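Asker: below is the sequence, then the predicted model.
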Amino acid sequence: MVSSSGAVLLREAVRLSGLDAVLSDALAPWRSDRALHDPAKVLVDEAMVLALGGDCMADLAVLRAQPGVFGTVASDATASRVLSALAAGGDEALSAIRDARVRARDRVWSQRRPLGSSLSGQVIVDVDATVVTAHSEKESAAPTYKRTFGFHPMCALVDHGEHGTGEPLVLTLRAGNASAMGAADHIAVLDAALAQLPATDRAQVLVRTDTGGCSKAFLHHITDAGLQYSIGFGVSDPIRAAIATIPVQAWRAALNGDGEARDGAQVAELTAWMPTTTRDHLTGLNVWPVGMRIIARRERPHPGAQLRLTDEDGWRITCFATNTRGPGWTLPMLEVRHRQRARAEDRIRSLKDTGMRNLPFHGFAHNQLWLEIVSLAAELIAWTQTLGFHEHSPVRRWAPKKLRLRLFSVAGRIVHTGRRRRLHLPRDWPYLDLLDTAWTTLQTA
């Protein structure tokens, strides 16, 4: 009997992506001549554990108890030595793992591209920071802006649109007191994220962030790279004064995600009424990038919402900057696209459900390596959804928690017959048809 039969889908995603092979080649310098366990297999096994809901190295025991599904699994001591060796490798080992990930991603996307919901087929990269608490003294753990103690990693994630979830590109560990608005960190994370994309997709990227990414240095960096952006823009007193001068007829009805008019919400372009820019003392830049547009949105707070001092005449005002122009990109469509940045919060929540909530090591390099394993786990889940199910299947949008409960955790029996091994699943499992569909699709891919 095995208790995680649905994990065979994850194993097939590893095979189709070629992750095990490319990772083994990349980590060959860190495998000793007498080693029985390939470092790549150790990382893939740990990623499997996190995909199934584990959150620490000791959870490898779950895989070790089911060799019929997962093969030979390293002991906890061996796995710890492998991670220590890779952590000692520093940036070189980290770069090797990321190179393997982009090669595997290229192979998956060449088989079935998970994007395409955008009007122009853009690859949407969301950049956002989050807080991960620590309950003990760990290297670089510090008080955070949320008055907790821990770390402040920055994430770059691909949005799969309305017909999918997403996948992480880069998870960069930072000290707990790192700023959410640092231009240098945003630039470094974006460059690392672009390197994670297949080469053919790097020129059609849209970068989305909240107001933390609204710096002249970051916007110039995006513009110089020939990319598009949709970035939250702070509503200061001069901006509010400019909004007050917008003619009433300039406001347009905002749309909801279904393309229908949203009651009590309007959008208008603020570019022509923007005040004269002031010098950015951090970078020395005193102008915003050429072609930048400022879009303002106002809406009536929903019933029960707490009003703010900055609400004007009962309207709640938000703004964002973008350089997107062209057919189809009306003001309401641009505003809907920017508001869908909220999907990044869902992706981060899923990452925390897949091992990022707990950074188990004391050393900073070890915990950065742990974030790479979290990325691998999240990618295996996303690739299983992408390769195993039709584009409009609801399973493509399921969060990891739901996948674990309905698909991955199903028990089964391994039967040996006619020199073959067969996995028998319970006939009355309510999601057996989905398991069968995914298995058949992955086998014939």
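Answerer: Done, it's in. Numbers count the residues shown, from 1 in each chain.

Asker: all strands for this protein, in order.
Answerer: 123-129, 132-133, 142-143, 149-151, 154-159, 166-172, 205-209, 228-233, 252-255, 261-269, 293-299, 316-322, 413-417, 420-424 (DSSP state E).

Asker: does R341 touch D210 like I think?
Answerer: Yes: using CB atoms under 8 Å, R341 is in contact with D210, at 7.0 Å. For every residue, glycine as well, the C-beta is placed using N, CA and C.

Asker: ok so, going back, distance to R357, mean pLDDT and mean neighbour count added to the strands of the chain, as JSON lines?
Answerer: Output for the strands of the chain, formatted as JSON lines (distance: least, CB to CB, whole Å; pLDDT from 0 to 100; neighbours: other CB atoms under 10 Å):
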{"stretch": "strand 123-129", "distance to R357": "15", "mean pLDDT": "95", "mean neighbour count": "24"}
{"stretch": "strand 132-133", "distance to R357": "7", "mean pLDDT": "96", "mean neighbour count": "18"}
{"stretch": "strand 142-143", "distance to R357": "18", "mean pLDDT": "96", "mean neighbour count": "14"}
{"stretch": "strand 149-151", "distance to R357": "10", "mean pLDDT": "96", "mean neighbour count": "22"}
{"stretch": "strand 154-159", "distance to R357": "13", "mean pLDDT": "96", "mean neighbour count": "25"}
{"stretch": "strand 166-172", "distance to R357": "13", "mean pLDDT": "96", "mean neighbour count": "24"}
{"stretch": "strand 205-209", "distance to R357": "23", "mean pLDDT": "96", "mean neighbour count": "24"}
{"stretch": "strand 228-233", "distance to R357": "26", "mean pLDDT": "95", "mean neighbour count": "22"}
{"stretch": "strand 252-255", "distance to R357": "35", "mean pLDDT": "88", "mean neighbour count": "17"}
{"stretch": "strand 261-269", "distance to R357": "34", "mean pLDDT": "87", "mean neighbour count": "17"}
{"stretch": "strand 293-299", "distance to R357": "33", "mean pLDDT": "90", "mean neighbour count": "21"}
{"stretch": "strand 316-322", "distance to R357": "29", "mean pLDDT": "90", "mean neighbour count": "21"}
{"stretch": "strand 413-417", "distance to R357": "32", "mean pLDDT": "89", "mean neighbour count": "11"}
{"stretch": "strand 420-424", "distance to R357": "31", "mean pLDDT": "89", "mean neighbour count": "10"}
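
Asker: distance to V374 added to those strands, as CSV?
Answerer: As requested, the strands of the chain are exported to CSV (distance: least, CB to CB, whole Å):
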stretch, distance to V374
strand 123-129, 15
strand 132-133, 10
strand 142-143, 21
strand 149-151, 13
strand 154-159, 10
strand 166-172, 6
strand 205-209, 21
strand 228-233, 26
strand 252-255, 35
strand 261-269, 36
strand 293-299, 34
strand 316-322, 29
strand 413-417, 29
strand 420-424, 28
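
Asker: and the ones you listed: which comes nearest V73?
Answerer: Closest to V73 of these, according to CB to CB: strand 413-417, at 16.0 Å.

Asker: output the contacting helices and strands for that closest one.
Answerer: Judged by 3 or more CB pairs under 8 Å, 6 or more residues apart in numbering; DSSP states H and E, strand 413-417 is in contact with strand 420-424.

Asker: residues in contact with the strand it packs on: which ones?
Answerer: 2, 5, 8, 68-69, 412-416 (CB atoms under 8 Å, 6 or more residues apart in numbering).

Asker: looking at the protein, which helix or strand is least sure?
Answerer: Within the chain, no helix or strand scores below helix 237-244, which has a mean of 82 by mean pLDDT, DSSP states H and E.

Asker: buried residues in that helix?
Answerer: 239, 242-243 (16 or more other CB atoms under 10 Å).

Asker: what is that helix packed up against?
Answerer: Applying 3+ CB pairs under 8 Å, 6+ apart, one finds that helix 237-244 contacts strand 316-322.

Asker: partner strands of the strand it packs on, with direction?
Answerer: Strand 316-322 has its sheet partners listed here by DSSP bridges as strand 228-233 (antiparallel), strand 293-299 (antiparallel).

Asker: chain center to the shortest one: distance?
Answerer: The one in question is strand 228-233. Chain-centre distance of strand 228-233: 18 Å, with CA atoms, centre = their mean, to the nearest Å.
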